[in-house]
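Engineer: predicted model and sequence follow; I will ask about them next.
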Amino acid sequence: MALTNLRNIGIAAHIDAGKTTVTERLLFFTGVTRKMGEVHDGQATMDFMKQEQERGITIASAAISTRWKDHAINIIDTPGHVDFTIEVERSLRVIDGVVALFCAVSGVEPQSETVWNQADRYRVPRIAFVNKMDRTGADFDDVIKQMNEYLDANAVPFQLPIGAEDDFTGIIDVIEQKAYNFSDTERIEIEIPEAYKAKALEAKNNLVEKIADYDDELMELYLEEKEVPVDMIKRIARRATHKLYITPVFVGAAYKNKGVQLLLDAVVDYLPSPVDIGAIVGTDIDDPEKSHTRGPSIHDPFSALAFKLIHDPYVGQQTFIRIFSGQLKSGMQIYNSTKGKMERIGRIMKIHAKDREEVSEAGPGDIVALIGMKLTKTGDTLCDPDHKLFLESIHIPPTVIELKVGPKSRKEQGKLGEALAKLANEDPSFNVRFDDETEETIVSGMGELHLEIIMDRIKEEFGVEVEIGEPSVAFRETLTREVESDYKHSKQTGGKGQFAHTVMRIEPNEGNGYEFVDVIKGGVIPAEYVGSVNKGIKKTLDRGALAGFPIVDVKVVLHDGSHHAVDSSDMAFQTCASICFKNGFLKGDPVLLEPMMKIEINTPDDYIGNVVGDLNKRRGKVESMRRFRKGAQKLNGFVPLMEMFGYATALRNISSGRANYSMEFHKYAPLPKAVQEDVLKKIAEKKKEA
């Protein structure tokens, strides 16, 4: 099959916009499934994890291959819940186009904005599907308006709904000026109803006017008021979509099977193939300034990106990869340039959600799972050993919430450690660390639901009963003013001693992470020990100095020191640098940083006063309010995570169960002085108890 007939697409949106239902309908109409699985009865093909079926939400982005009109389509269904944002992130890195779903009632919601911004970061072309047109309160025009206002999407209707809510009966194709009704499995072409003819023509003129900006020939026809051929409109609209100039908008009600076949046509017509995306650019392993391109061809050297690991109880670890160039065959030796080591390819699988089909080779554009990979993790580049390069990795957001975990019986300690290691391997936004001081295992993740589901999986998949402590906030530490620190480490314990001396300047480095600058002159610290100084500081960053939380956003300038020809060593300089840094850090007015969350609350007008009052009590700040629908408002603002534990219950109580909210990490911000004192006091008390 020609590469031009391949589509790698992701389906992404806010939770409850109907992503999984849309995917199930796509699979039904393309013949992958015989019956339509439903989210509400736990039968969705793409939601095959037990936790997904119980909660009716998608957690892991599942990949599935299908066909439509001589085209192969790889569909990746991604989660909408903000706790699983890493799943969206890794999918966007490897797909060529996105179907962005919007609920016709709720419009642009917080996670829609997050996904949109993520797609912008990777410059992924997208089309939009306004779903649930049959619901009470559905308003197609308002969703288009919101897309343009809040996402700057340049949204252009390529279809119009006939009616809305209970009266939603069909769809008008704007370009072809045709209309369709739908039975359970058929689309039936009909005349455009008289009442819609003028609107349909106006929409077509609007569409042609929008894309005329991107083609001189079309612009000429438009200005001369001549008929523009349908295939020309489609060709130029396709090009404008690929360049992110416009977002074509389609409409339907997936649950009622309305508009799904037309959406599949749109995927084929407007979303890009690997050929349209063209060559990807990677950096040279030895010289980051130098770049290499890899075209979507079997004749180019092999290159691929690992974007997901899944532990499967039957076949072990599956490593999902997207191949960008070259060919992959079973038994081949390839180079993992991230790890700097060779890997041997075992079995290659094409995935159909739960089912898998073994293949002997795969080529450009393919998304496959590899069985038996030893070293490869999410974000690693795989390439031809003779043509090495790095591909851009995957952006991993910081964790914001922590839990203490332990097994119910001591004999299961090893089993729990193994389970946590496997899950951390699968999910880079889930971290595990052991606190030496308190001898406790601490896990951290993106939110309460994220950690709740991981604890569930430990019980269900690994058979370990877990005891869980109170959730706590993953604070960070930083300093607020520049300081100078000078420390001499000297120990004589018979035989060879230890000697190291460092003088460093430590500065705030807001938003830029950790930076180490060496300005040593005259070799007062030999070059081989400068690396030891950096290593010693890095170890201290992880453990913190104020309260044991990781230190962020500091710049260290090493500018003086001394050494001893016999007694200086790597270890002596690591120890010296660690103490020197810690002493200086504590003099630099250190502060704790707390995760600030971006929050959006949808509430009926009746409860606005209660909701805002409660948010203020939690040190929250409302930034904006906008009309959500008749009688309801959307509140946007920022709030500290530490004040938000149990918020779902509180919001339910103050709004009689009618308000809902979603939250995502925004940034780390300094704790107010009084709150910091309180937090440090509690930490000190806990240490005493321990």
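Structural biologist: Right, received. Where do you want to start?

Engineer: could you pull up the contacting residues of the residue nearest to L328 when sequence neighbours are not counted?
Structural biologist: Distances taken as Cβ to Cβ, 6 or more residues apart in numbering place A362 nearest to L328, at 4.9 Å, with adjacent residues excluded. Quick note: C-beta positions are derived from backbone N, CA and C, even for glycine. Going by Cβ atoms under 8 Å, 6 or more residues apart in numbering, A362 touches I323, Q327, L328, I348, K350, V368.

Engineer: how about G584, nearest residue that isn't a chain neighbour?
Structural biologist: Closest residue in space to G584, ignoring its immediate chain neighbours: S485 at 2.8 Å, by Cβ to Cβ, 6+ apart.

Engineer: contacting residues around K69?
Structural biologist: Counting by Cβ under 8 Å, 6+ apart, K69 touches L264, D265, V268.

Engineer: got any ranges where the stretch 351-500 of the chain has weak pLDDT?
Structural biologist: For the stretch 351-500 of the chain, the stretches flagged by pLDDT under 70 are 352-355, 393-395, 435-439, 493-495.

Engineer: so which residues of it form strands?
Structural biologist: Secondary structure of the stretch 351-500 of the chain by DSSP state E, counting those that start in this stretch: the strands cover 355-359, 361-362, 367-371, 381-383, 401-407, 431-435, 440-445, 466-468, 472-473, 476-478, 483-491, 498-508.

Engineer: need the contact list for G637.
Structural biologist: Going by Cβ under 8 Å, 6+ apart, G637 touches K598, I599, L615, G620, K621, V622, E623, S624.

Engineer: just the buried members of the residues you listed?
Structural biologist: K598, I599, L615, G620, V622 (16 or more other Cβ atoms under 10 Å).

Engineer: can you name the two of those that are farthest apart?
Structural biologist: K598 and L615 (12.8 Å; Cβ to Cβ).

Engineer: what's the following helix or strand after the helix or strand hosting E89?
Structural biologist: Secondary structure from DSSP states H and E places E89 in helix 85-94. Heading C-terminal from helix 85-94, the first helix or strand you meet, by DSSP H and E, is strand 97-103.

Engineer: could you list every helix and strand in contact with that next one?
Structural biologist: strand 6-13, helix 19-29, helix 110-121, strand 126-131, helix 260-270 (3 or more Cβ pairs under 8 Å, 6 or more residues apart in numbering; DSSP states H and E).

Engineer: as TSV, those with distance to P161 would be great.
Structural biologist: Formatted as TSV, the helices and strands packed on strand 97-103 follow (distance: least, Cβ to Cβ, whole Å):
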stretch	distance to P161
strand 6-13	18
helix 19-29	16
helix 110-121	19
strand 126-131	8
helix 260-270	12
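
Engineer: now the ones you listed in CSV, with mean pLDDT and mean neighbour count?
Structural biologist: Output for those, formatted as CSV (pLDDT from 0 to 100; neighbours: other Cβ atoms under 10 Å):
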stretch, mean pLDDT, mean neighbour count
strand 6-13, 86, 26
helix 19-29, 77, 24
helix 110-121, 77, 20
strand 126-131, 94, 26
helix 260-270, 93, 20
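
Engineer: hmm, back to that, hey, what's the residue nearest to G584 bridged with?
Structural biologist: Following DSSP bridges, S485 is listed with bridge partners M504.
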